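Trainee: Can you look at this prediction? I've put the sequence above it.
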Amino acid sequence: MIKYREKILDNGLTILVNRDRASKLAAVNILYKVGARNESADKTGFAHLFEHLMFRGTQSVPKFDIPVQMACGENNAFTNNDYTDFYITLPKENLSTALWLESDRMRNLDISQEACTTEKQVVIEEFKQRYLNQPYGDELLLLRDMCYKVHPYRWPTIGVSPEHIERASLEDVRAFYDLHYRPSRAILSISADMDEDEMIAMAEEYFADIPDYGGEIAPIPVEPPQLEARRLEVERDVPSTDMTIAFHMGDRLSRDFFLGDLASDLLAGGESSRLVNRLVKDKELFSSVNAYITGSIDAGLFIIKGRLMPTTTEADAEAALWGELKDLQQGNISDYELEKVKNKFEANMLMGEINVMNKAMNLGFYAMTGRLELINEEADIFRSITREEIMAFASKHFRSENSSTLIYRAKR
């Protein structure tokens, strides 16, 4: 169990602290509630751009990494469709350095023309390397665009096109910063072997006087129910054909999330899983297989996919994937299988409580969902799942009219 204290400052900043008596390090995590879902359809990729810009420095700290390194620390960040996360680990004696740096770039980021031009080029090159110039690179782009018609999940974190970042003006970038990178859009979480009151007081010292301004956050459109099967077939210069089937499911706070997560692990949770044993090793239909959920804050996707062997027909491959899904609908799940998957989830959660950085990150994430208490409740939720619930989940979602199938065909 992760124990924590919470305080919300007058400017809207949420502070969470955890005393970790086993660690000599302090972990500082600041989560901004901005991801690709908060972008407009004609200006995508901005959240990812800011992951880069936030390391460009401020007027008082031109190079962010130098004081971190001088404090014997490490730092990094990541962006996804729902949020952006920045984190620093360093000796607990240097905690104030991390708080000073994070508070400084929350208010004083150097958004100059030179900084924007440089980082825009970095992001554009990253887009080309990861999505345009790499085998299977645009597969996710195609799948998202097919599955979502209204919700901004229809584009990935890096954006719809590099052109959006290329044409972003300095005014566009500064407006995005003012709107999202402010106290009420942030969650600061700290884990260290320090008194909780002391950590909260230190956080207040650096963040309490930061004004909160930037305007109203636009509501995110709700994706309507999918009422008919969708299908897209493309040909690409790749060595093997990929087949992916995606199904809409519930959001991160729904029971669906836990049922889908468990069902995906029943199908593809390791080398001894059903898909690997049956479709790769026994039937030799695929060279690799996978099943997973997107785990997004808003209604997400359950995805099952495989890379076909040269001798496998597309019809046989598709029938095999649907057969595995129907097996779950019929409740063909042994007690041993179910217990093994539940044990795996519980072990992963316990391991996550050991690392000081994981604690700080998890506090920020669960606070963002609006259900902070879930940080200590999810193991029990997974434990409570029954075979009948998995059958009901599979029957509800694994339907043709709720499916989007992508055939990513190797050129003949």
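Mentor: Yep, it's here.
Trainee: Show the residue spans covered by the strands in the stretch 251-400 of the chain.
Mentor: All strands of the stretch 251-400 of the chain, identified by DSSP state E, counting those that start in this stretch, fall at 286-293, 301-308.
Trainee: which of the ones you listed is buried the deepest?
Mentor: Ranked by mean neighbour count, the strands of the stretch 251-400 of the chain are led by strand 301-308 with a mean of 24 (mean count of other CB atoms under 10 Å). C-betas here are computed from N, CA, C, even on glycine.
Trainee: between that one and strand 286-293, how big is the angle?
Mentor: Here the directions of strand 301-308 and strand 286-293 differ by 180 degrees (axes from the mean of the first three to the mean of the last three CA atoms, to 10 degrees).
Trainee: contact partners of the worst-scoring helix or strand of the chain on mean pLDDT?
Mentor: Counting by mean pLDDT, DSSP states H and E, the chain has its least confident helix or strand at helix 335-352, which shows a mean of 89. Applying CB atoms under 8 Å, 6 or more residues apart in numbering, the contact partners of helix 335-352 are 261-262, 265-266, 269, 358-359, 362, 378-379, 382-383, 385, 387.
Trainee: among those residues, which ones are buried?
Mentor: The neighbour count (16 or more other CB atoms under 10 Å) marks 261-262, 265-266, 269, 358-359, 362, 378-379, 382, 385 as buried among those.
Trainee: what's around R231, how many residues?
Mentor: Applying the criterion other CB atoms under 10 Å, we find 11 residues in the vicinity of R231.
Trainee: hang on, I meant I354
Mentor: Using other CB under 10 Å, I354 is surrounded by 11 other residues.
Trainee: swap in A367?
Mentor: A367 is surrounded by 22 other residues when neighbours are defined as other CB under 10 Å.
Trainee: Need the per-residue pLDDT for it.
Mentor: The predicted local confidence for A367 comes out at a pLDDT of 98.
Trainee: Identify the residue nearest it in space, chain neighbours excluded?
Mentor: Using CB to CB, 6 or more residues apart in numbering and skipping residues adjacent in sequence, the residue nearest A367 is I187, 4.9 Å away.
Trainee: Distance check, the residue nearest the centre of the chain against Y181.
Mentor: The residue at the geometric middle of the chain, judged as the C-alpha nearest the mean C-alpha position with CA atoms, centre = their mean, is N80 (4.7 Å). In this view, N80 and Y181 are 16 Å apart by CB to CB, to the nearest Å.
Trainee: now swap in Y206 and tell me
Mentor: The spacing between Y206 and Y181, counted by CB to CB, is 15 Å.
Trainee: Comparing these two, which residue is more hemmed in?
Mentor: Summary of the neighbour comparison: Y206 and Y181, criterion other CB under 10 Å, with Y181 having more neighbours (21 against 18).
Trainee: Test for you: state the pLDDT assigned to that one.
Mentor: The predicted local confidence for Y181 comes out at a pLDDT of 96.
Trainee: Tell me who's in contact with it.
Mentor: When contacts are counted by CB under 8 Å, 6+ apart, Y181 touches 32, 34, 50, 54, 106, 109.
Trainee: now swap in T312 and tell me
Mentor: Applying CB under 8 Å, 6+ apart, the residues contacting T312 are 285-286.
Trainee: Am I right that A26 is in a strand?
Mentor: Yes - counting by DSSP: H, G, I helix; E, B strand; the rest coil, A26 is part of a strand.
Trainee: give me the number of residues near the closest residue to it other than its chain neighbours?
Mentor: If you skip the residues right next to it in sequence, A26 has A192 as its closest partner in space, 3.6 Å away by CB to CB, 6+ apart. Residues lying near A192 (other CB under 10 Å) number 28.
Trainee: roughly how far apart are A192 and E93?
Mentor: Counting by CB to CB, the separation of A192 from E93 is 10 Å.
Trainee: With I2 instead?
Mentor: Computed as CB to CB, the I2 to E93 distance reads 23 Å.
Trainee: Same drill for the two, tell me which one is more crowded.
Mentor: Neighbours per residue, other CB under 10 Å: of I2 and E93, the larger number sits with I2, 18 against 13.
Trainee: surely the residue nearest to A26 meets E198?
Mentor: No - the criterion here is CB atoms under 8 Å, and A192 misses it with E198 at 9.5 Å.
Trainee: before we move on, back to that, just give me the closest of the contacts of Y181 to L328.
Mentor: V34 (35.9 Å; CB to CB).
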